[in-house]
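> Here's a sequence, model it:
(one chain, ligands or ions: 1)
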Amino acid sequence: MAQIIDGKKIAKEIREEVAEAILKFKDNNPALTVILVGDDPASHVYVRNKARACEKAGVISHTIQLDEDIEQCVLLEKIEELNNDTSIHGILVQLPLPDHIDETTVLEAILPEKDVDGFHPINVGKVVTGDTSGFIPATPAGIIQLLHRSGHSSQGKHVVVVGRSNIVGKPIGMLLLQKNQLGNATVTYCHSRTHNLADFTRQADILIAAIGRPEMITGDMVKDGVIIIDVGTNRVIDENTVKGYRLAGDVDYVSVFPKAKAITPVPGGVGPMTIAMLLKNTLKAFKLLTA
Ligand code: GUN
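Below is the predicted model of the structure:
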């Protein structure tokens with residue numbers, strides 16, 4: 001029977017650790033500002049959930065809501081203001097941004113020391129070089145914690161990453177490649193253009209599915225004893241549900257489960273870890289900036 005890696009439980013542990021650490025600072029609390037541009041309903045839900053988790057952990061949170069048609073220069077001015085505001089330790093611009101705004105320009109405008117999302121090129125570079133003074137994006141940082149806290153070492157293992165996004169695929173491979181206790185893996189990257197994908201996935205001791213295609217990794221594509229981290233959160237139409245859809249991972253849970261040694265469920269696996277790791281990054285920014 002596969003071990004089900006409980007992301008909800010591990011995320012709660014981390015949120016409690018952050019809350020406890022914050023209590024030690026007495027009346028000085030970390031503060032996070034989230035900028036939300038436009039009316040994307042999913043982004044509004046994410047931002048509300050982030051704010052709620054901040055409040056519970058003792059992180060002061062502010063949300064700045066800007067109109068969909070805001071000019072890019074106004075957004076950049078707002079970021080500059082926050083960069084210079086010593087009472088704010090973390091800045092996060094919720095993605096995606098409207099089409100007329102250049103995402104790279106915006107992410108590069110955030111002071112790297114306040115970039116709790118870890119999307120600034122300085123922080124990306126630090127992930128690649130193994131410089132631990134930077135910020136690791138929340139999802140890959142969460143995956144490392146899920147593996148570690150559920151007792152699965154990556155030392156010497158073959159990790160196959162399916163997906164090459166800047167937010168998940170690329171950084172998780174880099175982190176597991178690091179020469180340290182939480183890394184030391186042999187890493188293979190696969191993606192949507194990989195020929196004979198199953199030839200690679202069948203070699204995985206640890207398979208990380210972050211490709212954004214519902215249930216594409218099936219039981220015949222993995223070996224017995226594999227550890228599965230499913231990053232997918234795909235909405236698929238399901239008329240038997242009240243909402244008319246259900247959340248599906250990138251892994252076909254039913255066919256993979258009997259072969260797996262351990263697996264993350266969707267929902268309740270990687271998802272809950274992201275906010276917990278954002279809180280951890282905000283605490284880190286606070287310590288760095290107030291030391
Ligand atoms: N949109 C979806 N996920 C994320 C995230 O991790 N950070 C930001 N800024 N926007 C997102």
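
> Could you point out the longest helix of the chain?
With DSSP state H setting the assignment, residue counts place helix 271-290 as the longest helix in the chain.

> Packing partners of that helix?
Packing partners of helix 271-290 (3 or more CB pairs under 8 Å, 6 or more residues apart in numbering; DSSP states H and E): helix 7-23, strand 31-37, helix 41-57, strand 90-93, helix 138-149. C-beta here means a position set from N, CA and C on the backbone, and glycine is covered the same way.

> Which of the three states applies to whichever residue of the chain sits closest to the ligand?
Closest residue of the chain to the ligand, CB to the nearest ligand atom: Leu95 (3.7 Å). With DSSP: H, G, I helix; E, B strand; the rest coil as the basis, Leu95 sits in coil.

> and the closest residue to it other than its chain neighbours, what is it in contact with?
Setting aside the residues directly before and after it, Leu95 is nearest to Glu103 in space (CB to CB, 6 or more residues apart in numbering), at 6.8 Å. Each residue near Glu103 by CB atoms under 8 Å, 6 or more residues apart in numbering is listed here: 95-97.

> One more pass at 10 Å, please.
Applying CB atoms under 10 Å, 6 or more residues apart in numbering to Glu103 gives the contacts 93, 95-97, 119.

> ok so, going back, can you add distance to Asp230 and give the helices and strands packed on helix 271-290 back as a markdown table?
As requested, the helices and strands packed on helix 271-290 are exported to a markdown table (distance: least, CB to CB, whole Å):
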| stretch | distance to Asp230 |
| --- | --- |
| helix 7-23 | 10 |
| strand 31-37 | 26 |
| helix 41-57 | 19 |
| strand 90-93 | 25 |
| helix 138-149 | 10 |
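
> Could you single out the most deeply buried of those?
The highest average neighbour count among these, using mean count of other CB atoms under 10 Å, belongs to strand 90-93 at a mean of 26.

> ok, and does that one reach over to the ligand?
Yes: remark: strand 90-93 sits within contact range of the ligand at 92-93, by CB under 6 Å from any ligand atom.
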